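J.: Sequence plus the predicted model coming up.
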Amino acid sequence: MNKNFTEGKILRQLIGFALPMLLALFLQAMYGAIDLLVVGRFGVPADVSAVSTGSQIMQTITFMIEGVSMGITVLAGHRIGEGNNKEAGRVIGSGIALFGIIAVLATALMLSCARPLAALMRAPAEAFDLTVTYIFWCSAGMIFIVAYNLLGSIFRGVGNSKIPLMTVAIACAFNIIGDLVFVAGFKMGVAGAALATVMAQGVSVLLSLVIIRRMKMPFKLARRDIRLRKRIVKRILFLGVPIALQDLLVSISFLVILAIVNSLGLVASAGVGVAEKLCAFIMLVPSAYMQSMSAFVAQNIGAEKYDRAKRALLCGILSSLAVGVVMFYISFFQGDVLSTIFTSDPKVVSAAASYLKAYSFDCILTSFLFCFSGYFNGCGRTMFNMLQGVAGAFCVRIPVSYFVSRIAGVSLFYIGLATPCSTVVQIILCLTYFIITERKARALRAKI
């Protein structure tokens, strides 16, 4: 069912849209987590390190593609909010043509760069070839990653978060089966984990295509609409590229941190790999709110209901914060218990728990940051989001991680503190920008 966010109770609509999104993100996070879980149970620390490093690289590429797709979500949301369904169809058609080109380029690039990327990440010698294998096999299924994010952007733009949930749930089930068959059954190790992930993504895309052909959409899309319209593509890229660059640069900052940790040894590498997989689940609620906020605000901005968009921001922050406090407690005090889900190695468990204890502060902070990011994306202010994301990553997160790692005998707790430190800076930037833009908007309305 597609939703009109310009009318009705804000909190109920926001939570109703965010909940399926949350579950979909949970299942999507399960892709890499299941790989790590099965490999951790049936493999050795080198396998865990390889899947950890390889999945981080693939996650970076996925975030970039998802960022560009947000341009379609926002632009389509604006047109639907305006009631211009014909133009919304043209936006979707141009997006399909654009992402077809992106799929070809991304596949060719990743297949040729598997080994250089593993080297760039300083993958431990014991896990280097395994890391290359994981990246190569996942890159072979790049077309499914691109297609999944394209279809997801279309569903979000029309206010439908239940279809992506259903498709990713089925795909996750296939991934579990694939991991058990290829890794536990055929003993294919890292290659089997990657193959299971690719097959699951393919199932998700095919199922989404079947559904989208049969359901009634709030826009008209003809075959002639599936072409590159310069005006629309330019606007999609204007909105989406800053988000993609932000996601890329922020992900690179985490990859740099992982490379720094990899230089500390195999146990540290595996420990942070386990912790990052757990963080993917811990951060699901603010991530769901960020995507939901973007779609919600986009429709209201298109309908010129600016006060409603701001009330949605407040509702999102408060409801997300309530969950953030709970996740903080679990991450800070139960990190070792959580880590045993992915590994039974006591040294790796200890390293992961130490990193999680520092990361737990971000559970509260991201309730503010992610909702602000979603709000600004929905408003079309994606350039600012890119700038604040880059500032946090390269002016705070990386420098703090590097200098702390130079301290002899330093624990992963202090390296992990770099992330909440950067989030604090980004929140300050968001609040400042929000206040400035609101003052300018009020002054403009007073003149009119």
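T.: That came through fine.

J.: And the spatially most central residue of the chain, how far from Asn149?
T.: In the chain, the C-alpha nearest the mean C-alpha coordinate belongs to Phe63, at 5.2 Å (C-alpha atoms, centre = their mean). Phe63 sits 10 Å away from Asn149 when distances are taken as C-beta to C-beta, to the nearest Å. In short, each C-beta sits where N, CA and C put it, glycine included.

J.: And Lys216, by the same measure?
T.: Separation of Lys216 from Asn149 (C-beta to C-beta): 23 Å.

J.: can you check Leu27 too?
T.: From Leu27 across to Asn149, the span is 15 Å (C-beta to C-beta).

J.: any weak-confidence spans in the stretch 201-350 of the chain?
T.: The stretch 201-350 of the chain contains residues with pLDDT under 70 at 217-222.

J.: Show me where it has its helices.
T.: Here the stretch 201-350 of the chain has its helices, by DSSP state H, counting those that start in this stretch, at 230-262, 266-282, 284-302, 306-333, 335-339, 346-359.

J.: quick one: the third one to helix 266-282, angle?
T.: Our comparison of helix 284-302 with helix 266-282, counting by axes from the mean of the first three to the mean of the last three C-alpha atoms, to 10 degrees, yields an angle of 50 degrees.

J.: name the helices or strands packed onto helix 284-302?
T.: helix 10-42, helix 45-82, helix 142-157, helix 306-333, helix 361-379 (3 or more C-beta pairs under 8 Å, 6 or more residues apart in numbering; DSSP states H and E).

J.: Same check on the fifth one?
T.: Helices and strands touching helix 335-339, by 3+ C-beta pairs under 8 Å, 6+ apart, are helix 266-282, helix 346-359.

J.: Show me which positions of that helix end up buried.
T.: Within helix 335-339, the residues that count as buried by 16 or more other C-beta atoms under 10 Å are 335, 338-339.

J.: Next: stretch 313-324.
T.: The neighbour-count check on stretch 313-324 (16+ other C-beta under 10 Å) flags 313, 315-317, 319-321, 323-324 as buried.

J.: got the contact list for that stretch?
T.: Stretch 313-324 is contacted from outside by 10-11, 14-15, 285-286, 289, 292-293, 297, 363-364, 366-368, 370-372, 374-375, using C-beta atoms under 8 Å, 6 or more residues apart in numbering.

J.: Now do the same for the spatially closest residue to Gly192 that is not a sequence neighbour: helix, strand or coil?
T.: Among residues not flanking Gly192 along the chain, Phe182 sits closest, at 2.9 Å (C-beta to C-beta, 6 or more residues apart in numbering). Three-state assignment for Phe182 (DSSP: H, G, I helix; E, B strand; the rest coil): helix.

J.: right, and Phe182 touches Ala194 too?
T.: No. Using C-beta atoms under 8 Å, Phe182 makes no contact with Ala194, being 9.0 Å away.

J.: Those two: who's more crowded?
T.: Taking other C-beta atoms under 10 Å, Phe182 and Ala194 do not tie; Ala194 has more neighbours (29 against 20).

J.: circling back to that earlier point, hey, which of the helices and strands packed on helix 335-339 is tucked in deepest?
T.: Comparing these by mean neighbour count (mean count of other C-beta atoms under 10 Å), helix 266-282 ranks first with a mean of 26.

J.: What angle do helix 361-379 and that one make with each other?
T.: For helix 266-282 against helix 361-379, the angle by the same axes, to 10 degrees is 50 degrees.

J.: Give me the contacts around stretch 401-412.
T.: Residues contacting stretch 401-412 (C-beta under 8 Å, 6+ apart): 256-257, 260-261, 263-264, 268, 271-272, 275, 351-352, 354-355, 358, 414-415, 417-418.

J.: Tell me how far it lies from the chain's centre.
T.: Using C-alpha atoms, centre = their mean, to the nearest Å, the distance from the centre of stretch 401-412 to the centre of the chain it belongs to is 28 Å.

J.: Kindly list the main-chain dihedrals of Thr6?
T.: phi -90, psi 0 (degrees, to the nearest 10).

J.: check contacts around the nearest residue to it once chain neighbours are set aside.
T.: Distances taken as C-beta to C-beta, 6+ apart place Ala303 nearest to Thr6, at 4.3 Å, with adjacent residues excluded. By C-beta under 8 Å, 6+ apart, the residues touching Ala303 are 6, 81-82.

J.: Now Ala303: phi and psi?
T.: Dihedral pair for Ala303: phi -90, psi 0, per degrees, to the nearest 10.

J.: Then Met215?
T.: When read as degrees, to the nearest 10, the backbone of Met215 gives phi -90, psi 150.

J.: What's the separation between it and Ile154?
T.: Met215 sits 11 Å away from Ile154, going by C-beta to C-beta.

J.: So those two - more neighbours on which side?
T.: Set side by side, Met215 and Ile154 show more neighbours around Ile154, with 26 against 13, by other C-beta under 10 Å.

J.: Am I right that the more buried one is in contact with Gly77?
T.: No. If you go by C-beta under 8 Å, Ile154 and Gly77 don't touch, sitting 10.8 Å apart.

J.: which residues touch stretch 14-23?
T.: Residues outside stretch 14-23 that contact it (C-beta under 8 Å, 6+ apart): 3, 5, 156, 159, 161-162, 164-165, 169, 284-285, 288-289, 291-293, 295-296, 312, 315-316, 319.

J.: what's the burial count for Glu438?
T.: The local packing of Glu438 (other C-beta under 10 Å) involves 12 other residues.

J.: From the chain's centroid, how far away is the strand or helix carrying it?
T.: Assigned by DSSP states H and E, Glu438 falls within helix 418-447. Helix 418-447 has its C-alpha centroid displaced from the chain centroid by 23 Å (C-alpha atoms, centre = their mean).

J.: quick check: mean pLDDT across it?
T.: In this model, helix 418-447 has a mean pLDDT of 89.

J.: Just the angle for it relative to helix 306-333, thanks.
T.: Orientation note: helix 418-447 sits at an angle of 170 degrees relative to helix 306-333 (the same axes, to 10 degrees).

J.: Could you tell me the angle between helix 418-447 and helix 230-262?
T.: Relative orientation of helix 418-447 versus helix 230-262 (the same axes, to 10 degrees): 150 degrees.
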